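1. After the sequence you'll find the predicted model.
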Amino acid sequence: MRKPDLSEQRIVETAREIFSRLGFKKTTMEDIARAVFKAKSSLYHYFKSKEEIYRAVVEKESSLVREEIARAMKAALSPIDKLVAYVKTRMRALRRLANLYHAFREEYLESYGFIQKIRRDYDRYEIETIKGILKEGVEKGIFEVTDLDLTAEAIIIAIKGYEYTWAISHDGEKIEREIDRLLNVLFYGILKR
């Protein structure tokens with residue numbers, strides 16, 4: 001009995017694990033082919049290059065993060081809860097999804113046009129998502145924000161400033177406390193009242 005052909009989805013799922021373990025530079029088409037029990041030449045039936053596989057992997061992980069964030073925000077009742085859910089879900093997902101995290105952080109990957117596009121698209125997604133939360137909070141009288149764009153960008157920059165530290169930490173509880181402290185400054189500021 002003939003086995004079914006290898007699907008793109010199986011290649012992408014297998015490549016996700018290999019890229020996250022070895023990194024983009026060290027991973028070869030041979031590594032991926034061996035892991036899916038096929039000849040390297042059969043991979044080229046589905047993907048033209050290692051870069052094309054990596055793009056599919058990063059796009060898949062980006063989609064997974066967005067889905068997780070959407071679910072977490074849908075379960076949140078207030079704009080405050082949505083913002084907390086957004087930040088915590090984002091950080092948990094990026095810690096788990098190493099390829100997406102490395103695509104955002106590794107400078108040598110900037111030379112790949114598809115990585116630049118994924119980064120730009122994800123940045124736009126983040127700003128628009130945070131702006132939506134802020135706008136809802138303003139409309140409900142919960143937040144006082146005069147410039148939605150600037151505030152959303154500042155929140156994203158603050159989150160990204162902690163990304164590396166949170167991504168390499170193995171202490172999930174410490175990360176949760178630091179996220180809570182960051183959000184506390186965001187919500188209540190630094191002025192003594």
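-> Thanks, I have it.

2. tell me the contacts of the residue nearest to Val84 when sequence neighbours are not counted?
-> Counting by CB to CB, 6 or more residues apart in numbering, Val84 lies nearest to Leu183, which is 5.9 Å off, once chain neighbours are set aside. Backbone N, C-alpha and C define where each C-beta goes, glycine included. Contact analysis of Leu183 by CB atoms under 8 Å, 6 or more residues apart in numbering lists 83-84, 87.

3. Whichever of those residues count as buried, I'd like them selected in PyMOL; how would that read?
-> Only the buried entries of the contacts of Leu183 go into this PyMOL selection, using 16 or more other CB atoms under 10 Å:
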select buried, resi 83+84+87
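
4. quick check, nearest of the contacts of Leu183 to Arg21?
-> Within these, proximity to Arg21 (CB to CB) peaks at Val87, which comes in at 27.4 Å.

5. so how far is Val185 from that closest one?
-> 12 Å (CB to CB, to the nearest Å).

6. Then Phe114?
-> To Val185, Phe114 is 36 Å away according to CB to CB.

7. higher neighbour count, the two?
-> More crowded of Phe114 and Val185, by other CB atoms under 10 Å: Phe114, with 16 against 10.

8. wait, that one sits on Ser49?
-> No. In this structure, Phe114 is not within contact of Ser49 by CB atoms under 8 Å, at 10.9 Å.

9. shared neighbours, the two?
-> By CB under 8 Å, 6+ apart, Phe114 and Ser49 have no common neighbours.

10. ok, then the element right after the strand or helix carrying Ser42?
-> Per DSSP states H and E: Ser42 is located in helix 40-43. Counting by DSSP H and E, the next helix or strand C-terminal to helix 40-43 is helix 50-75.

11. OK, contacts around the nearest residue to Ile32 once chain neighbours are set aside?
-> Spatially, and ignoring its direct neighbours in sequence, Ile32 is nearest to Ala15 (5.1 Å; CB to CB, 6+ apart). When contacts are counted by CB under 8 Å, 6+ apart, Ala15 is found next to 27, 32, 35, 53-54, 56-57.

12. one step back: what mean pLDDT would you report for the helix holding Ser42?
-> Helix 40-43 shows a mean pLDDT of 90.

13. Which elements pack onto it?
-> Packing partners of helix 40-43 (3 or more CB pairs under 8 Å, 6 or more residues apart in numbering; DSSP states H and E): helix 29-35.

14. buried ones in the helix it packs on?
-> 29, 31-33.

15. Would you reformat these as a markdown table and include distance to Leu148 and pLDDT?
-> Listed next are the buried residues of helix 29-35 as a markdown table, based on distance: CB to CB, whole Å; pLDDT from 0 to 100:
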| residue | distance to Leu148 | pLDDT |
| --- | --- | --- |
| Met29 | 45 | 95 |
| Asp31 | 45 | 96 |
| Ile32 | 43 | 95 |
| Ala33 | 48 | 94 |
